[in-house]
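Visitor: Coordinates for the following, if possible.
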Amino acid sequence: QVDLVESGGGLVQAGDSLRLSCAASEGSFSRYAVGWFRQAPGKEREFVATISWKDDSRDYLDSVKGRFTISRDNSENAVYLQMNSLKPEDTAVYYCAAGPRSSRWSYQYAYWGQGTQVAVSS
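Guide: Okay, here's the model as predicted:
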């Protein structure tokens with residue numbers, strides 16, 4: 001069992017940066033892949049980024065490549081999503097999730113956090 005808690009969301013202007021954190025409040029996800037997903041109002045949840053536990057390989061949604069960076073610190077039991085050059089279309093609730101393998105598919109992740117709101121004004 002892994003309980004995940006996201007933090008770091010907020011209201012920013014276009015071009016600003018935010019760093020989201022995903023912490024395991026119970027358990028350890030050092031041997032889990034971790035993914036970030038987001039859901040905008042009226043839209044389906046979509047994949048944003050993922051990092052494996054085996055070799056730290058990463059995968060990103062095309063629209064965030066070069067702007068977002070996912071990283072993990074197993075000593076802190078945390079995963080981060082650094083978001084730079086934010087755009088209004090990045091506005092969404094962001095969720096972190098943990099599972100046995102990296103994937104763009106949400107069903108591959110067994111554990112989910114409650115989400116943190118990111119709002120980007122133009």
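Visitor: going forward, measure contacts and count neighbours with C-alpha atoms only.
Guide: OK.
Visitor: Quick check: pLDDT value at residue 89.
Guide: We have a pLDDT of 97 for residue 89.
Visitor: That one - nearest residue in space that isn't next to it in sequence?
Guide: Nearest residue to residue 89, sequence neighbours excluded (C-alpha to C-alpha, 6 or more residues apart in numbering): residue 120, at 7.6 Å.
Visitor: The one you found: neighbour count?
Guide: 19 (other C-alpha atoms under 10 Å).
Visitor: What of residue 30?
Guide: Residue 30, neighbours per other C-alpha under 10 Å, totals 20.
Visitor: Let me know the secondary structure of the residue nearest to residue 89.
Guide: strand (DSSP: H, G, I helix; E, B strand; the rest coil).
Visitor: Distance of it relative to residue 19?
Guide: Distance, residue 120 to residue 19, using C-alpha to C-alpha, to the nearest Å: 13 Å.
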